[in-house]
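> Return a 3D structure for these sequence lines:
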Amino acid sequence: MKQSPKSSEFPDSSILGFAPSDAGDSTFSPLFDPERVFDVCHVGLVLRAVLGVQGLLALGLALASRDLTQWMQSMASGTVVTMSAVLAWLLLVCSARRPLARLPQLWQWLLLMGLGALCAVAGWALLNLANEEPSSAFRLAGVGLAGAATAGQLLAWLKQRERAQRPADAMAKLVELQARIRPHFLFNTLNSAIALVRLDPQKAEGLLEDLSELFRVALADASAVVSLDAEIELARRYLDIEQIRFGERLRIHWHLDPAAGGAKVPPLLLQPLVENAVRHGVEPNEGGGDVEISTRRLGSEVEICVLNTVGLPANTSGHGLALRNVRQRLRLMHDVAAQFELKNEPTSFSVRIVLPP
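Got it, this is the predicted structure:
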């Protein structure tokens, strides 16, 4: 008997050819995650925040400067304050995103604007380390108010960004559901089990166990993030079923790096990729094909590759929904820190994903 992984490791999705009739709004409605508002731990978001603040600083100082020389001198000093303040604010928000998400809205605004004022005053103090003239109370108050106002603008932007992503997240789930509707997979699996009942009851039992586990995973509670190891296990179960169907025509090669298994990935990252590989690289070819899944840790990144050989074109042409969906979900989770590359060669097709560990 095969051991089943914990259901909490897998998301709610329909991967086996039907959508749960009782899924209700949980399947199609945008999922609201309070922590997402304060998830500022991405390189792309930090760059946008810093560049936005620097742009406002540049415009403000341009209005108050007599000439380009004075503007450049003011920018050099102002950059010390704004860069240190913004980066410190983002770092603190990132580290405290969970408790911040549990606070009432009013306290979120008050706390983060106050934090912005403190970070701005700290940045001003850093600038004045080389200046022996004491800062006046009026100047410190102005710096603090500017920091609070900037923090308020950043918080408003983060909340607007989260609201804008909700429809995209819901659309990604809808596209995933549409891409996963494969009634022939269920029928072929049941037909294979029926054929094996008399010839090899033990193998038929294993096949039905895998199918049952995949259905259980499809109906499990939603999870925002899963481990790469959990995705590998789900892909193995899917390929075990297809292995019985295609036999020696399906040649699977695993090259897995244990150091990469703990990486956090969007749910159902691998399953649609290996399904595409089987459907387009193995099914239409009389001699079958090879499917290779590899993972490895590359310093501060994790690389995932899914490759399949190419022979005859598939009986039904794909629309690229699964690939576009995987790309979109990677962007939503990791922003510019993730890479998604396709390589279409005469004898093979591969997908390469690079993301933070």
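> residue boundaries of the helices in the stretch 201-350 of the chain?
201-218, 228-246, 271-281, 321-334 (DSSP state H, counting those that start in this stretch).
> Deepest-packed of the ones you listed, please.
Ranked by mean neighbour count under mean count of other Cβ atoms under 10 Å, the helices of the stretch 201-350 of the chain are led by helix 271-281, which reaches a mean of 23. C-beta: built from backbone N, CA, C; applies to glycine.
> CA atoms of that one as CSV?
Extracted in CSV, the C-alpha atoms of helix 271-281 (Å, rounded to 0.1, in the frame of the first residue of the first chain):
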residue,chain,number,x,y,z
GLN,A,271,1.5,18.7,-12.7
PRO,A,272,0.3,20.8,-15.7
LEU,A,273,3.9,20.8,-17.1
VAL,A,274,4.3,17.0,-17.0
GLU,A,275,0.8,16.5,-18.3
ASN,A,276,1.7,18.7,-21.3
ALA,A,277,4.9,16.7,-21.8
VAL,A,278,2.9,13.4,-21.9
ARG,A,279,0.1,14.8,-24.0
HIS,A,280,2.3,16.4,-26.7
GLY,A,281,5.6,14.4,-26.5
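> quick one: it to helix 201-218, angle?
Angle, helix 271-281 to helix 201-218, by axes from the mean of the first three to the mean of the last three Cα atoms, to 10 degrees: 130 degrees.
> Quick one: mean pLDDT over helix 271-281.
Averaged over helix 271-281, pLDDT sits at 87.
> Please tell me how far the closest residue in space to Trp89 that isn't next to it in sequence sits from Ala146.
Leaving aside its sequence neighbours, Trp89 sits nearest to Cys119 (Cβ to Cβ, 6 or more residues apart in numbering; 4.7 Å). For Cys119, the distance to Ala146 (Cβ to Cβ, to the nearest Å) stands at 11 Å.
> With Leu112 instead?
Here the criterion is Cβ to Cβ. By it, Leu112 lies 15 Å from Ala146.
> Could you verify that Ser135 is part of a helix?
No. Per DSSP: H, G, I helix; E, B strand; the rest coil, Ser135 lies outside any helix segment and is coil.
> residue contacts, it?
Trp124, Asn128 (Cβ atoms under 8 Å, 6 or more residues apart in numbering).
> on that earlier part again, quick one: average confidence on the host helix or strand of the residue nearest to Trp89?
Here Cys119 sits within helix 105-127, counting by DSSP states H and E. Summarised as a single mean, pLDDT over helix 105-127 is 91.
> residues in contact with it?
Here helix 105-127 has contacts from 77, 80-86, 88-89, 92-93, 100, 103, 135, 139-140, 143-152, 154-155, using Cβ under 8 Å, 6+ apart.
> Could you pick out the buried ones from these?
80-86, 88-89, 92-93, 100, 140, 143-144, 146-148, 150-151, 154-155 (16 or more other Cβ atoms under 10 Å).
> which ones among those residues are found in helices?
Under the assignment DSSP state H, the buried ones among the contacts of helix 105-127 contribute 80-86, 88-89, 92-93, 100, 140, 143-144, 146-148, 150-151, 154-155 to helices.
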